[in-house]
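*Asks:* please work out how this folds:
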Amino acid sequence: MARDLTPGTGIRSGRLRVYLGSAPGVGKTYRMLDEARRRQERGADVVVGYIECHGRRHTEAMLDGLEVLPRSHRSYRDAEFEEMDLDAVLVRRPSVVLVDELAHTNIPGGRHAKRWQDVEELLAAGIDVITTVNIQHLESLNDVVQKITGIPQRETVPDEVVRRADQIELVDMAPQALRRRMAHGNVYKAEKVDAALSNYFRVGNLTALRELALLWVAGRVDEGLRDYRASHNIDRVWETRERVVVALTGGPEGETLIRRAARIADRTAGGDLLAVHVSRSDGLAGASSGALAQQRLLVETLGGSYHVVVGDDIPTALLAFARAHDATQLVLGTSRRGRINRFLTGPGIGETTVDASEDIDVHMVTHEFTGRGRLPSLGRRHSRRRTVAGYVAGFVLPWLLTGALSQAHHTINLTTDALIFQLGVVVVALLGGATSALLAAFIASALLNYYFIPPVHSLTIGETNNIVALVVFAAIALTVSTVVDHAGRLTTRAARATAEAETLSTLAGSVLRGADALPALLEKSRTAFGMDSVALLSRGGEVLAHCRSEHPTTGEQGGETTEVPVGPDAVLVLIGRRLPASDQRVLTAFAAHVGAALERERLAVVAAEVEPIKAADRMRTALLAAVSHDLRTPLAAARASVGSLRSPDVEFSPEDQAELLATADESLVKLTRLVDNLLDMSRLQAGALTLHLTETHLDEILPRALDSLPDPYAPVQPLDLDTAPPVFADPPLLERVLANVITNALRHNAPGAPVLVTASHHADQVEIRVIDRGPGIAPEDRDRVFLPFQRLGDTDNTTGVGLGLALSRGLAEAMGGSLEVEDTPGGGTTMLLTLPAAIEPAVPGEEPPHE
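*Replies:* Here you go, the predicted model:
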């Protein structure tokens, strides 16, 4: 699609083309470079703004012949990094610029925090941009990808940025083909291949990511198709995908229709199920709110979506909704009206919909409630007392009016008499309904004829004009009484519908309030229905929750009891006044929401019970890690020293014997200290030991951690530790965490480069970073490094079995902190240890400390 002019500039906005990858390594950058070469061959001015080849030789070869703009250099935390030079691109002003990795976070120092913001500025300047992004970096899919892969994606791009692209091309590859490409060394270096294949690049993960990418792109294609049809006024259904719409009235047949429609949708792969309820535009829905709530839950359980549309002509509204969603099939239930009802009222919704459906297939589904409807009612439903009062008024009021009008016969004429009688008929209609109004109209007609139309005191009529007047009077009286009765019925239903809508809206807000949802629902139930008390009971009689009025109107022994099931395991009990049948419908909806809140609380309790088990499992894993990893070295050293001294084959000089004894003593001291720590941690896991969390200064702990390293002279450079606030920690445990993390960083660091240890204060936490310049850890491996027996990329397997980080994370979490992995800008790995600060939090409004 063509882009508009940039506001205020008169410059045509650039066009954006996005290569969307289903997974890393599928070839997005290669495809982007291939497109650039084709455009260059056609004469376009193409430059490379930023490309990341990741050492892949085939990708690097595609850069030959393309102009590559120099990158900008930025300093950050005593290191140099390269970024795209946005200003250089704007000055060069090519026709097309290539910008890799759209979701990338820029190093501080530029105009924008994210690379996609750089791209937006280039587009506003009229430069076409070709870029790449993986499906896992889309903001809306971030949580879904984390559930699939177990790895959070910290670099994301808003979906709307990609959705606005003029072209989106999916770069896809079968999972098996991608794994073969990786095994051949075309994606990652050889030392990372095995770890990647067994973690992020498992067949299941790749298949799920591929499906996400296909569905996301299919959704965008569907949007484009709808826009095309709308712009070209195409109303016919294009059967590009099977979509089944089921119409719900809120009647008891709804569940049968939903399940039948779901089976129809499941017959084809990718079929969509949409449920729709048509609500009257005047808000007078005759449907059961509780039934609709249950049917909506069933639809969502079956993977469908629920919709409500407004319209007085139900067949027209149904077909308009179906055509708007490109539905291919429409499912309706056969009429619940009986034969006499259908004869009196004419064709029903189903027959009318079938006649107007055209290219949409309509399924009329039979059900057990077919033909069981009642005859249409001629009047509104009143209480027995009002019905009797209406008949009495219909008989008595015309006689009273006759007496009053007879006294004033000489001052008013026949027209006035007729109007007063009509007013009486209207009053009777409001009081008792249409039937009593018909009685009043009949009696009023007879009395008007007998007492006021000449010749009086006779049922005969002398003039033709008076006959016409009497007939018109009777017709108007009947019509007005019917209209007034109908209007009264609609007013009553409108008031009830409004009250129900407001009540259920408040109810939904209560459910969304979180932890207090259940008490709020019960209190709302009590006040909404005017009850003295409301209780939620289990089937066994246990009180799960209850609320009571401070001023009950009846004693609980004398009040009426109303019970409504809440799922299979509970019941809602209301004590107080007798509920009319009209309130039972709203009460059913309340019960459905109470059931949802009860289920959520149950799941929250289960989650709370599982969390200590998870914590204990993490601690147990850390203990096992320490036993294997940290006891192995001192045991081996002590055994070798003692074994050498006991050997009869070698005679050692006194100096050698002293050295061997010193080695054995040093190893046994380390062993003793480790065993003591492990025993303390074991007691902690069992709940028999309390952590000694005290105010701990980092500049005091780090030297002790360095002294425990295998090489106390290792290149470790502390920065800003003396200015960092103290932390709440257990000093021996913190010492072990730092020693393990620093040891790991030294093992993987680049030769000659120091390991940096920095600290900074943010809000109520202190962040300790251990920074190396090694090969780094791939995003898909970042959680794996904290699992037991993981030594990703190690070539030296003589220094343990790779469990130090597992132990360190367990200890950090035991102290109320965390241990995570970050990229070191410019290459390498940063271990981020977060602990609670041991200072008072900053006062709101004060400027926070600068790093």
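
*Asks:* can you pull the pLDDT of the most far-flung residue of the chain relative to its centre?
*Replies:* The outermost residue of the chain, judged against the average C-alpha position, is residue 455 (81.1 Å), by C-alpha atoms, centre = their mean. According to the prediction, residue 455 has pLDDT 77.

*Asks:* doesn't it fall inside a helix?
*Replies:* No. Counting by DSSP: H, G, I helix; E, B strand; the rest coil, residue 455 is located in no helix; its state is coil.

*Asks:* return the helix or strand in this structure with minimum mean pLDDT.
*Replies:* Least confident helix or strand of the chain, by mean pLDDT, DSSP states H and E, is helix 339-345 with a mean of 53.

*Asks:* next secondary structure after that helix?
*Replies:* As assigned by DSSP states H and E, the chain's next helix or strand after helix 339-345 is helix 349-356.

*Asks:* and the helix or strand following that next one, what does it pack onto?
*Replies:* For helix 349-356, the following helix or strand on the C-terminal side (DSSP H and E) is strand 361-365. Using 3 or more C-beta pairs under 8 Å, 6 or more residues apart in numbering; DSSP states H and E, the elements in contact with strand 361-365 are helix 254-266, strand 329-333, helix 349-356. From N, CA and C alone the C-beta is placed, and that goes for glycine too.

*Asks:* deepest of those, which one?
*Replies:* strand 329-333 (a mean of 24; mean count of other C-beta atoms under 10 Å).

*Asks:* can you name every helix or strand that that one contacts?
*Replies:* On a contact count with 3+ C-beta pairs under 8 Å, 6+ apart, strand 329-333 meets strand 243-248, helix 254-266, helix 314-324, helix 349-356, strand 361-365.

*Asks:* any low-confidence regions in the stretch 1-150 of the chain?
*Replies:* Within the stretch 1-150 of the chain, the stretches with pLDDT under 70 are 1-11.

*Asks:* and the strands in it?
*Replies:* Along the stretch 1-150 of the chain, counting by DSSP state E, counting those that start in this stretch, strands occupy 16-21, 46-50, 67-68, 72-75, 80-83, 96-99, 128-134.

*Asks:* residue 433: which of these is closest?
*Replies:* strand 16-21 (65.2 Å; C-beta to C-beta).

*Asks:* relative to the closest one, what are the paired strands and their orientations?
*Replies:* With DSSP bridges as the test, strand 16-21 is paired with strand 128-134 (parallel), strand 167-171 (parallel).

*Asks:* just put those strands in a markdown table and tack on distance to residue 258 and mean neighbour count.
*Replies:* Compiled in a markdown table, the strands paired with strand 16-21 are given as follows (distance: least, C-beta to C-beta, whole Å; neighbours: other C-beta atoms under 10 Å):
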| stretch | distance to residue 258 | mean neighbour count |
| --- | --- | --- |
| strand 128-134 | 37 | 25 |
| strand 167-171 | 34 | 17 |
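
*Asks:* reformat the ones you listed as a markdown table; add distance to residue 534.
*Replies:* Compiled in a markdown table, the strands paired with strand 16-21 are given as follows (distance: least, C-beta to C-beta, whole Å):
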| stretch | distance to residue 534 |
| --- | --- |
| strand 128-134 | 52 |
| strand 167-171 | 54 |
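
*Asks:* select, out of those, the one closest to residue 419.
*Replies:* Nearest to residue 419 among the strands paired with strand 16-21 is strand 167-171; the distance by C-beta to C-beta comes to 72.8 Å.

*Asks:* buried set for the helix or strand following that closest one?
*Replies:* As assigned by DSSP H and E, the chain's next helix or strand after strand 167-171 is helix 175-183. Of the residues in helix 175-183, 175, 178, 179, 182 count as buried by neighbour count, 16 or more other C-beta atoms under 10 Å.

*Asks:* cool, stretch 292-303 as well?
*Replies:* By neighbour count on 16+ other C-beta under 10 Å, the buried set for stretch 292-303 is 292, 293, 294, 295, 296, 298, 299, 302.

*Asks:* try stretch 64-73
*Replies:* For stretch 64-73, by 16+ other C-beta under 10 Å, it's 69, 72.

*Asks:* over to stretch 634-641?
*Replies:* Buried, per 16+ other C-beta under 10 Å, within stretch 634-641: 634, 637, 638, 641.

*Asks:* please apply the same query to stretch 660-675.
*Replies:* 660, 663, 664, 667, 668, 670, 671, 674.

*Asks:* count of residues packed around residue 614?
*Replies:* When neighbours are defined as other C-beta atoms under 10 Å, residue 614 has 10 of them.

*Asks:* swap in residue 576?
*Replies:* Residue 576, neighbours per other C-beta under 10 Å, totals 21.

*Asks:* beta partners for it?
*Replies:* Residues in beta-bridge contact with residue 576 (DSSP bridges): residue 560.

*Asks:* separation between it and residue 589?
*Replies:* Going from residue 576 to residue 589 by C-beta to C-beta, to the nearest Å gives 19 Å.

*Asks:* residue 45 and residue 97 touch, don't they?
*Replies:* No. Under the criterion of C-beta atoms under 8 Å, residue 45 makes no contact with residue 97, lying 9.5 Å away.

*Asks:* between those two, tell me which one has more neighbours.
*Replies:* residue 97 (26 against 15).

*Asks:* show me the contacts for that one.
*Replies:* Contacts for residue 97 (C-beta atoms under 8 Å, 6 or more residues apart in numbering) come out as 46, 47, 48, 49, 89, 122, 127, 128, 129, 130.
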